[in-house]
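Undergrad: Turn this into a model:
(2 chains)
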Number of protein chains: 2
Amino acid sequence: MPIMEENNYNMMKEKKVVVAVDESEESMYALSWCLNNLLSENHNPNSTLILLYIKPPIPVYSALDVTGYLFAEDVIANMEKYSKDLANSVMNRAEAVCRNFTSKVKVEKKVGSGDAKDVICIAVDKLEADILVLGSHDYGFFKRALLGSVSDYCAKHVKCPLVVVKRPKTA
Amino acid sequence: MPIMEENNYNMMKEKKVVVAVDESEESMYALSWCLNNLLSENHNPNSTLILLYIKPPIPVYSALDVTGYLFAEDVIANMEKYSKDLANSVMNRAEAVCRNFTSKVKVEKKVGSGDAKDVICIAVDKLEADILVLGSHDYGFFKRALLGSVSDYCAKHVKCPLVVVKRPKTA
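TA: Coordinates of the predicted model:
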């Protein structure tokens, strides 16, 4: 029975768990959930946790406006700096969550850039991840139409199991 | 920092893991994945695994057709028997997967009926589940339009983390 063979295979295998992190509380909660539920001390000591942050793409069209070239370059440099600072800030926060966790976990950091849902799916396949963990944003209708589709898209496109973690509402 | 408090809370808590099972290989694979990754021996010894099977609703309109009343009743009885047999068969198979698993897990069975996605969400909230696990069907476009929406719907409507497990393609 193939399912049983798969069981034994899973038990021995080192796991690669990818957590997509961003500046939201939801993604930090998802990371914390993942450490507790998928990477506990006794579970998979050789597993690797990969923190994946996707920088939003920087619009380049302003550089094509010749009259404002110097200004535009300046703006782009500022945006790039902001984007880099944000990436560092998210990664630092994510690492702090990992450090606070009782058991030791191998942590790797990966930063990509582009449309988050596409880049996440490409990275997960390339890294041959065993599990992808995403935080779920409890957005209203409009924001969900734009952003909430990340988990729907990933559920359809990644090959590995996907965990969508919703942050419980605090009373 | 609330995330850290949540960590300790999670570590001690008995977990209720709901796996939605049906007659598909995908759902049995999801169950097997869940046993390996969420309910391993050292992880949460007091956790409960709830096998949730949702019987499709039986159409009742034929019973309203007075001329064919006796025939219709017969048909309905047959459909009910088939539906019950299918539920038993799925549950037996799911229990066999659990028995084959090395560590002991408390297993409960729940059978509901109706539109799977609605009933799953209602059951998960009512049971106060900590995790919902679904198998992902690699359907084509038309079947996905009808059935693939279960995971999308659950991701939006359940309060707890959702795991969508895709069965790897065997070469």
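Undergrad: Tell me the bridge partners for the residue most central in space within chain A.
TA: In chain A, the residue lying closest to the centroid (Cα atoms, centre = their mean) is A:Ala20, at 0.8 Å. Using DSSP bridges, the bridge partners assigned to A:Ala20 are A:Leu52.
Undergrad: tell me the pLDDT at it?
TA: Model confidence at A:Ala20, given as pLDDT, is 96.
Undergrad: All the helices of chain A, residue numbers only.
TA: Counting by DSSP state H, the segments of chain A that form helices are A:2-12, A:25-37, A:69-100, A:116-126, A:141-143, A:149-157.
Undergrad: does chain B sit close to the second one?
TA: So that's helix A:25-37. Yes: contact between helix A:25-37 and chain B, assessed by Cβ under 8 Å from any Cβ of the partner chain, occurs at A:28-29, A:32-33, A:35-37. Heads up, the C-betas are built off the backbone N, CA and C, glycines and all.
Undergrad: Enumerate the positions of that helix that are buried.
TA: Burial within helix A:25-37, assessed by neighbour count using 16 or more other Cβ atoms under 10 Å in any protein chain shown, is assigned to A:26-37.
Undergrad: Restrict that helix to CA atoms and write it as PDB.
TA: These are the backbone C-alpha positions of helix A:25-37, laid out as PDB (Å, rounded to 0.1, in the frame of the first residue of the first chain):
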ATOM      1  CA  GLU A  25       1.500  40.400  12.600                       C
ATOM      2  CA  GLU A  26      -0.200  37.600  10.800                       C
ATOM      3  CA  SER A  27       3.000  36.300   9.200                       C
ATOM      4  CA  MET A  28       4.800  36.400  12.600                       C
ATOM      5  CA  TYR A  29       2.000  34.500  14.100                       C
ATOM      6  CA  ALA A  30       2.200  31.900  11.300                       C
ATOM      7  CA  LEU A  31       6.000  31.600  12.000                       C
ATOM      8  CA  SER A  32       5.300  31.100  15.600                       C
ATOM      9  CA  TRP A  33       2.600  28.500  14.900                       C
ATOM     10  CA  CYS A  34       5.000  26.700  12.500                       C
ATOM     11  CA  LEU A  35       7.800  26.500  15.200                       C
ATOM     12  CA  ASN A  36       5.300  25.000  17.700                       C
ATOM     13  CA  ASN A  37       3.500  22.600  15.400                       C
END
